[in-house]
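*Asks:* When you get a sec, could you give me coordinates for this:
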Amino acid sequence: MQSNFIQEVEAVLHLIKKKLPNSNCQQALKDLVVDVAQDQQLITVLGEFKRGKSTLINAFIQEPLLPSDVTPTTATINIISHSEETDIQVVKHTGEVEEHRFSRDILQNYTFEGAEELEKVHHINIRLNLQQLHEKLVIVDTPGVGDLNEHRLDVTYSYIPRSNLVLFVFDATTPIRRTEIEYLEEVLKLKFGEIIFIANFIDRLDDDELEETMEYMEARLKKIMKDEPFQIFPISSKMALENPQDPDFQRLLSYMIQQLEEGEATKKKMALYENRFQHLYEFVKEEIEQIEQVRKASDEELTIAYRKIDELKQRQERDKETLRQYMKDRQEEVISLTWKSVDHFRNGLVEDVHEVIDMYDGPKFQNLIEKQIPSMIKNRLKNWVITYTPQIEKLIYKLEKEVVEGFHTMFHQEIGALRASHASNYLEGKAYHVQTRSGSSNMSVTAGMITAGAGTILIFLSGGLLLPIITMAGFPFLNKFLSEKKLEALKADVIPHIDEEIDKIIDNLKSSTKQYIEDEVHHIHEKAIIRYEEMVKSSQLTLEEEMYVRKQTSVSALPSIELQDLLLMKK
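*Replies:* Predicted coordinates:
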């Protein structure tokens with residue numbers, strides 16, 4: 001699928017180099033080829049602790065990389081990839097990166113519960129020369145659900161929206177736990193690709209037990225997955241590591257390979273790449289049509305059009321300032337609408353927290369305040385992000401579309417029949433590839449569309465800004481009040497302090513969403529200025545080339561351009 005697409009893009013690129021050597025699309029098409037060729041395929045492995053995830057990953061890479069026969073369980077996020085280099089990169093929360101030569105002792109020191117530096121680690125990159133791993137394949141090994149502290153849970157959520165496949169590993173010898181179901185429900189909200197369920201440890205079951213277990217697991221998962229089809233594979237990760245040709249393991253591998261090549265995530269990615277290519281293709285058509293139009297124009301029409309271009313250049317700064325002010329006003333509108341939603345969310349949250357506290361009549365009030373209320377706030381906060389982020393993106397997309405249409409209208413009015421409508425497709429659509437002044441892509445499919453929606457904000461704010469480690473533990477007055485006051489009096493004193501903590505979280509949420517919106521609008525503004533300058537420059541060059549050719553009768557005309565050549569490339 002990808003190879004055929006790359007060939008198609010390269011064919012159009014070859015035609016452009018030959019017929020349109022000055023086309024602005026050349027670099028964008030080259031970047032598209034590079035992005036498709038280098039696009040990583042993420043496999044994220046999830047599940048509770050002691051589910052055999054490390055052994056399963058070892059079976060995938062056919063090497064006992066991750067220790068799996070020890071009592072402490074994996075406690076960091078490990079990102080495993082193929083590389084000619086062999087090393088371990090320990091990425092700290094501060095952004096500091098420690099590099100080590102690969103050593104299993106070093107890996108165990110950093111990755112398992114009880115490790116000295118564990119709380120400072122954000123994630124670990126493990127790069128090995130593993131020929132059995134495709135160079136674009138990346139495996140993300142996550143801590144068990146029961147092992148996750150609040151911060152590592154948030155980091156785990158940042159990988160799910162970017163994964164081609166999510167492997168959710170169960171223990172076939174035990175019933176599916178409530179915590180596994182709750183975690184799976186969260187994953188379903190954020191997933192991009194397919195979820196594959198794995199029932200591990202089947203070597204511990206006889207045939208009758210295995211059949212009964214699979215019927216039970218399929219029934220439980222159907223209730224969660226509803227109408228969405230799913231696959232569950234019974235395997236023994238231990239047997240797969242000992243014998244990679246194990247039939248159960250081979251069935252899993254074959255299905256995974258098929259999904260990586262043709263599955264849901266791959267189709268979504270290819271649709272985005274194809275959409276990006278279609279915009280470029282339409283833009284090239286416009287370039288050809290514009291040049292043909294210029295060649296048919298009279299000398300007087302060329303002179304008038306050139307004068308109009310010069311007038312546009314003269315007033316560039318004024319137009320840029322107008323655009324800047326317009327986008328600033330629209331940005332404030334988006335922020336205002338978002339903050340109204342945040343305020344509404346805050347009022348509902350406070351009301352619900354008060355109700356929970358008021359109705360509580362049990363003996364574990366301290367547990368309610370220190371654990372249950374923070375968990376409730378965190379889940380509500382996460383749900384707001386998942387629900388409201390698409391609304392923010394719609395508002396930003398609307399602004400982007402208005403800028404596109406504004407440019408197109410302006411050029412239509414100024415240049416008339418000879419207008420250079422380079423912007424009409426260049427900015428249209430969130431999936432479009434954008435080239436900055438440096439020539440690098442700053443809106444690639446992986447970084448942009450694949451993580452769009454709730455995943456975008458969760459990733460953008462995964463450092464704890466939006467989903468902080470919420471805790472009410474340590475209130476200095478709490479223990480004292482517990483011994484000195486009755487429950488109702490204690491409730492009245494605790495509520496103002498909880499309200500204060502909620503307000504801090506809401507302020508943080510507002511600050512984070514404001515930063516997100518400002519960054520997105522700034523990105524659109526930057527693109528718009530670049531496209532404005534490119535439109536003026538490209539139109540001027542096209543007119544100058546035609547005028548030069550007409551004056552220099554001894555100079556051969558530019559290579560003939562046949563629009564049909566381009567159209568044939570897409571058949």
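*Asks:* Below-threshold pLDDT in the protein: ranges please.
*Replies:* 1, 22, 24, 67-74, 111-117, 132-133, 145-157, 407-485, 553-571 (pLDDT under 70).
*Asks:* Pop the domain breakdown of it in here.
*Replies:* Annotated domains of the chain cover 2-35+286-569, 41-262 [automatic domain parsing].
*Asks:* Deepest in the core, which of these is it.
*Replies:* Burial of the domains of the chain is given as mean neighbour count (mean count of other C-beta atoms under 10 Å); domain 41-262 ranks first at a mean of 17. (C-beta placed from N, C-alpha, C; glycine too.)
*Asks:* So what would you say the end-to-end distance of that domain is?
*Replies:* End-to-end span of domain 41-262 (C-alpha to C-alpha, to the nearest Å): 12 Å.
*Asks:* Equivalent analysis for stretch 40-59, please.
*Replies:* End-to-end distance for stretch 40-59, by C-alpha to C-alpha: 21 Å.
*Asks:* which residues touch residue 353?
*Replies:* Residue 353 sits next to 373, 376, 377, 498, 502 when contact means C-beta atoms under 8 Å, 6 or more residues apart in numbering.
*Asks:* Same list (those) but as a markdown table, adding secondary structure.
*Replies:* Listed next are the contacts of residue 353 as a markdown table, based on DSSP: H, G, I helix; E, B strand; the rest coil:
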| residue | secondary structure |
| --- | --- |
| 373 | helix |
| 376 | helix |
| 377 | helix |
| 498 | helix |
| 502 | helix |
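*Asks:* Out of these, flag the one nearest to residue 105.
*Replies:* residue 377 (40.6 Å; C-beta to C-beta).
*Asks:* quick one, what contacts that closest one?
*Replies:* 349, 353, 470, 502, 505.
*Asks:* just the contacts of residue 353 now: which is nearest residue 5?
*Replies:* residue 377 (45.6 Å).
*Asks:* what about stretch 224-238, start to end distance?
*Replies:* For stretch 224-238, the first and last residues are 28 Å from each other (C-alpha to C-alpha).
*Asks:* Could you check how far it is from the centre of its chain?
*Replies:* 25 Å (C-alpha atoms, centre = their mean, to the nearest Å).
*Asks:* ditto for stretch 184-197
*Replies:* Worked out by C-alpha atoms, centre = their mean, stretch 184-197 lies 14 Å from the chain centre.
*Asks:* Please name the residues that touch the closest residue to residue 138 other than its chain neighbours.
*Replies:* Using C-beta to C-beta, 6 or more residues apart in numbering and skipping the chain neighbours, the partner closest in space to residue 138 is residue 81 (4.7 Å). Contacts for residue 81 (C-beta under 8 Å, 6+ apart) come out as 125, 126, 127, 133, 137, 138, 139.
*Asks:* and the fifth one, how far is that from residue 88?
*Replies:* Spelled out, it's residue 137. Between residue 137 and residue 88 the computed distance is 19 Å (C-beta to C-beta, to the nearest Å).
*Asks:* Sheet-wise, list the partners of whatever helix or strand the residue nearest to residue 138 lives in with their directions.
*Replies:* Residue 81 belongs to strand 78-82 when assigned by DSSP states H and E. Sheet pairing here is set by DSSP bridges, and for strand 78-82 it gives strand 121-128 (parallel), strand 137-141 (antiparallel).
*Asks:* Any idea which of those strands gets closest to residue 366?
*Replies:* Each of the strands paired with strand 78-82 was scored for nearness to residue 366 using C-beta to C-beta, and the closest is strand 121-128 (30.9 Å).
*Asks:* Not counting the closest one itself, show me its contacts.
*Replies:* For strand 121-128, contacts defined as C-beta under 8 Å, 6+ apart pick out 61, 63, 65, 76-83, 85-93, 102, 107, 110-111, 155.
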